[in-house]
Each structure stands twice: as C-alpha cells, then as structure tokens.
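>>> I'd like to go over a predicted model; first the sequence, then the structure.
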Amino acid sequence: MTDAARQPAEEPDGRPAHRPDEDAASLPVLLEAVLSVGSELELHATLQHIVDSAAELCSARYGALGIVDPERVLVTELFTAGLTEEQRAAVPHLPDGRSGLLGVLVEDPRALLLADLTQDPRAAGFPPGHPPMHSFLGVPVRVHSEVFGNLYLTEKRGGGPFTEEDLALVRVLAAQAGIAIGNARLYETARRRERWIDGAAAVTTSLLAGSPAADALRCVAERARLLADAAAGVVLQPTPEGGMEIVAASTHGDPGDLVGTAIAPGSPVLEQLLGGEPVFVDDSATDPRMTTPVRERFGPSMMLPLQSGGRLIGTLALPRARGGPAYDAVDRLLASQFASQAALALVLADAQHDREQLAVYEDRDRIARDLHDLVVQRLFATEMMLESTRRRAEKAPCGDTVGDELTRAVDELDSTIQEVRTAIFALQQPPSEAPTTFRGRVLRETGGAAVLLGFQPSVQFTGAVDALLPAAVAGGVLTALRGALAAAHRRSGVTSIEVLVDASPGRVRLTVTDDGRTESGGRGATVTWESAL
C-alpha cells in the first residue's frame, strides 16, 4: 500500500473524512452514556449525569446544561462539567442566556456547531473570570416536543474542532436525555405532590383538633413555608380600612417584625388579592406592585387566595429569599391546591368551633332550666310558709313569733333572689373566655376554689359593683377573696362558704363567712375586708 493510500481522505472543506472505524469505536461509549443517563430518577442527579456523559462522550473539556424557563425565555439553572472549584469561584455569575451564544440557542433551539466561537459576532456576554473557550457545540434537549434546555460543549481535547460525528452522538444522547428527564420530572412531581398532600392532611388534622384561630393560621403559614422551601410563610387578612394585614407568620427566625405589616389601600396588588386572584412575583424587592416595607428582604413570591365557597378568608404569601430560585408551574399548582384545602379546613374548623359553642350554650340553657325549676320550688315553699303564718295570725293574737317567721321568710326570699341573679350572670359569661367584668372575675375565683373545696361557695353582690369599683380597688378585693378562700380551705369541717360583695358610692366591703372549725374549737369564721372608693 502506498503512502498516499495510508493518508485519510479529506472532505471538500479540508476536514478529515469520516471513517467507519470511528463509528464502531464510538458506539460502546455512546451506549454506556445512554444507559448511565437513564439510570437516575432524581432530577438534579439526572441533569448532572447528562452533562458529564456528554462531555466524556465528545472529549470536551467543558460542558453545561442550561435549563430554559419557557415563560421568561432565559436560562434559570446551569449544570456544568469540567470547571474546578477555583474556576467556579472566579466567575461571579454564570450566563443566564439573555445574550451570547446561549441566548441564540434559547431563542432558536437548533443545533449549533462552531470551530471557533471567538470569531462569531454572536459570542458575547461572558462574565469576568470565565475560562477561555474556542470550539463549541450546542444541542437542544426536548422533553415531549418541549424544549427543556440546551446542552453546550466547548474546548474539544486535542485542540481540534467538534465534528459532525460529535454532533450526531450528542443528538442521540440529547434524545435519550429527554426521555430520562421526562421520567425524572414525573418522579419528582409525584414526590412533591405527595409531600403537599401530606402537608394539607396534617394541617386539616391540626385545625380540626380545635386549635385557636391564631394558632390555626400560624399552622397554615408554617406548613406551607416548609413545603415550598420559602424564606417565610405569612397569612394576610382584609382590614376594615380596605387593605390587608399580616396576622400570622412563620420564618426561620423571629417572625415578630412581619406580623402587623399592612398593604395599604390602593396598592396595585391589593385589587387582585381582595378579588381572590393569585399573584406571582419574580422579585419582590423590585416589582413595582409590591409596596410593603419588608419587600426588600425577599425575591420570588407566591400570594394565593385562601377562599372556600366564595368566602375569602385571607391570602397565603410564600416569599423566597433574594436570589432564590423562581417558582415553577408545578410549585404554583401544588401551592394553590394546598391553599384551597387549607381554606376549606379553616372553614370547617370555624364551623366546628361554632357547633361546640352551640353545645355549650345548649348545656347552659339546660342548667338554667334546672335552676329555674329549683328556684320555683324554693319560692313555692316560702309562699307556703307565709300562707301558714298568715293563717295562724288570723286565728291567734299577733305576737313576736309571727313577726320572726315573716322576717325569716323575707330574708329567705331576698337571699334566693340574690343567688338567682348571680347564677344568671354566670350563665351569661362567654364560654372559654376570661371574664372582663368584676362580677365575672369574682365568680371565676369562687369557681376555681370549688374544685378544691368540693362545693360551690355562695356569692352575692349588692350595689353596682361593676360600675363603682375602679381597677385598683377591684384587684384588692380579689386578693382579699383569694386569701379568705384559702383560709377557709385550711379549716376542717367546712361545708359552706358565703361570699358577699357590698358596694356603695363611698366604699366597698367584702365579707366571707364559712362554717368550719376555728382554732379555738368553735364553728364558723368571718373575714371582712373594706376599702373606700
């Protein structure tokens, strides 16, 4: 064979001609790359595996896989191969596809092969510190006919340009990568959906357990923040002035500076929120619709309506930190479904609370009826006593005995009336709430003492105690009452305690009487406390 026969043939453009033995050598490498690309289910691991395999398949020094956001038409994430930690640290920010050759493939997703990109006028936008590159190969990666991203290879080892064979190999790998990415996306979407469903179920369970309203809203904010990987989770509710105010918040630190922050009426974003429309923001700090003073701390954000059955409960906002990744379509869908489920759970919890309150009121109504029956019987007995006394007075000369019986009957009636008033007032107190009136606070003290004593002390009020007693004097009365009840509890044989609060325009007097044994051996003790008004 002559020397000329040993020389490889050349293409018309001067490049070495394609040799079949090169295809045969490349097939095992391609097959291994295809198999390795399809071996992962976790999306980030799959993407990194794709760019590593492509760089190895074509002997490229550097490789990158840019993920394209179809809405904003730019590269949102870049997976790289071949860059050392020092080289990566020297680049302040990686290209985003807004310009240069990366932008060319974003706008026109077709394969691109260049012998020297520095000679192409479209090559621009390299950030400072970016390593020098010459040979270039770019191929789009499609998932179900949709462009998912672009695969970029530069600097073929050996110094030569990338060949048509390299381009064909990368196209095959990109097709297989599209299938692998589709499977990984389905797997990741299923996992994310499962987490959001579990989170919604946990919130529903917590809300229906009977948590107070403030705790319920805080639970929704915290669970949503964790699921969305957000910097904060906040719940806003409409204000009487026509704005919206943060009423519950969850952050990595103290959320106290967020609670109370308001969106003033007239804000551009307010009309959408009050109308129950979701709002998605790329950067809270720079978006002109955002007007709150805390917006400078956050980047991408979702604001989702909490509404059920046409009723707007509020808005769930999930802002991420400045520079954080934008929310994708799956994030928005799952978070919106979570917000709808949480709103329904809040409505159900509110309805359950109303039912429990109704049950309490019904029980109090029953108690009031029982009390009414008891009081009627007692008054009837007193009436019979008076009738008997009247008849005896008609048959016998009037004497001291008749007067004493009449006096006792009148006293009994007065005592009964006072006890009925006290019982009715106690039933009028809102359930599960701390009493705000002086009467209610006295009844709460005696009710607490009843747990230790084993019986309910009798309480009577004389005069307009709620109107006459200032806060300082009322506190003194309550302190004296606690001391008197504690002293009565320490005495043996106590079966009854009578508490009398007598208020007049000039003074207030507290009298606590019990029937327990005193230290001297007698029965009954009285504690009196008095203060000027």
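Here it is on my side, so go on.

>>> Which strand residues bridge Val68?
Val75 (DSSP bridges).

>>> Compute the distance between it and Leu43, please.
Distance of Val68 to Leu43, given as Cβ to Cβ, to the nearest Å: 15 Å. (Glycine included, C-beta is placed from N, CA and C.)

>>> more crowded one of the two?
Neighbour comparison, Val68 and Leu43: the larger count goes to Val68, with 23 against 19 (by other Cβ atoms under 10 Å).

>>> who touches the more buried one in this structure?
Contacts of Val68 were listed using Cβ atoms under 8 Å, 6 or more residues apart in numbering, and they are 74-76, 97, 106, 147-150.

>>> swap the cut-off to 10 Å and go again
Residues in contact with Val68, defined by Cβ atoms under 10 Å, 6 or more residues apart in numbering, are 74-77, 97, 102, 105-106, 109, 140-141, 146-150.

>>> which residue packs closest to the residue most central in space within the chain, ignoring adjacent ones?
Residue closest to the average C-alpha location in the chain (Cα atoms, centre = their mean): Ala221, at 1.0 Å. Spatially, and ignoring its direct neighbours in sequence, Ala221 is nearest to Gly233 (3.9 Å; Cβ to Cβ, 6 or more residues apart in numbering).

>>> does that neighbour have beta-bridge partners, and which?
Applying DSSP bridges, one finds that Gly233 bridges with Ser250.

>>> correct me, but it touches Phe298?
No: the pair Gly233 / Phe298 is not scored as a contact, 11.7 Å apart, by Cβ atoms under 10 Å.

>>> Common neighbours of these two, please.
317-319.

>>> In JSON lines, list the residues you listed along with secondary structure.
Below are the shared contacts of Gly233 and Phe298 laid out as JSON lines (DSSP: H, G, I helix; E, B strand; the rest coil):
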{"residue": "Ala317", "secondary structure": "strand"}
{"residue": "Leu318", "secondary structure": "strand"}
{"residue": "Pro319", "secondary structure": "strand"}
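
>>> By neighbour count, which of the residues you listed wins?
Neighbour max across the shared contacts of Gly233 and Phe298 (other Cβ under 10 Å) = Ala317, 29 neighbours.

>>> List the contacts of it.
Under the criterion of Cβ under 10 Å, 6+ apart, the neighbours of Ala317 are 221, 224-225, 230, 232-236, 244, 246, 249, 258, 263, 273, 279, 281, 284, 292, 298, 301-304.

>>> what do you get for Leu114?
Contacts of Leu114 (Cβ under 10 Å, 6+ apart): 101, 120, 122-123, 134-138, 154, 161-162.

>>> Just the strands from the stretch 151-300 of the chain, written as ranges.
Using DSSP state E, counting those that start in this stretch, the strands found in the stretch 151-300 of the chain span residues 232-238, 244-251, 262-263, 279-281, 298-308.

>>> Also the stretch 351-500 of the chain?
So, for the stretch 351-500 of the chain - with DSSP E, counting those that start in this stretch - the strands run 458-462, 497-503.

>>> Highest mean neighbour count out of these?
A comparison of the strands of the stretch 351-500 of the chain by mean neighbour count, using mean count of other Cβ atoms under 10 Å, puts strand 497-503 on top with a mean of 20.

>>> following that strand, which helix or strand comes up?
Helices and strands here follow DSSP states H and E; after strand 497-503, the next one along the chain is strand 507-517.

>>> same for that following strand, what does it pack against?
Secondary-structure packing of strand 507-517 (3 or more Cβ pairs under 10 Å, 6 or more residues apart in numbering; DSSP states H and E): helix 438-453, strand 458-462, helix 465-468, helix 471-490, strand 497-503, strand 523-532.

>>> Buried ones in that strand, by neighbour count?
By neighbour count on 16 or more other Cβ atoms under 10 Å, the buried set for strand 507-517 is 508-514, 516.

>>> Would you list the strands that that strand pairs with, along with their directions?
Counting by DSSP bridges, strand 507-517 is paired with strand 497-503 (antiparallel), strand 523-532 (antiparallel).

>>> where among these is the average confidence lowest?
Sorting the strands paired with strand 507-517 by mean pLDDT places strand 523-532 lowest, at a mean of 88.

>>> Just send the shared contacts of Gly233 and Phe298 back as a markdown table, with distance to Leu57 and pLDDT too.
Output for the shared contacts of Gly233 and Phe298, formatted as a markdown table (distance: Cβ to Cβ, whole Å; pLDDT from 0 to 100):
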| residue | distance to Leu57 | pLDDT |
| --- | --- | --- |
| Ala317 | 46 | 89 |
| Leu318 | 41 | 92 |
| Pro319 | 41 | 91 |
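
>>> what residue ranges in the stretch 251-400 of the chain are flagged as low confidence?
The model of the stretch 251-400 of the chain has pLDDT under 70 over residues 256, 368-381, 383-384, 387, 390-391, 393-400.

>>> can the helices and strands packed on strand 507-517 go into JSON lines with extra columns for distance to Arg61?
Listed next are these as JSON lines, based on distance: least, Cβ to Cβ, whole Å:
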{"stretch": "helix 438-453", "distance to Arg61": "79"}
{"stretch": "strand 458-462", "distance to Arg61": "90"}
{"stretch": "helix 465-468", "distance to Arg61": "86"}
{"stretch": "helix 471-490", "distance to Arg61": "80"}
{"stretch": "strand 497-503", "distance to Arg61": "91"}
{"stretch": "strand 523-532", "distance to Arg61": "92"}
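
>>> All set now, cheers.
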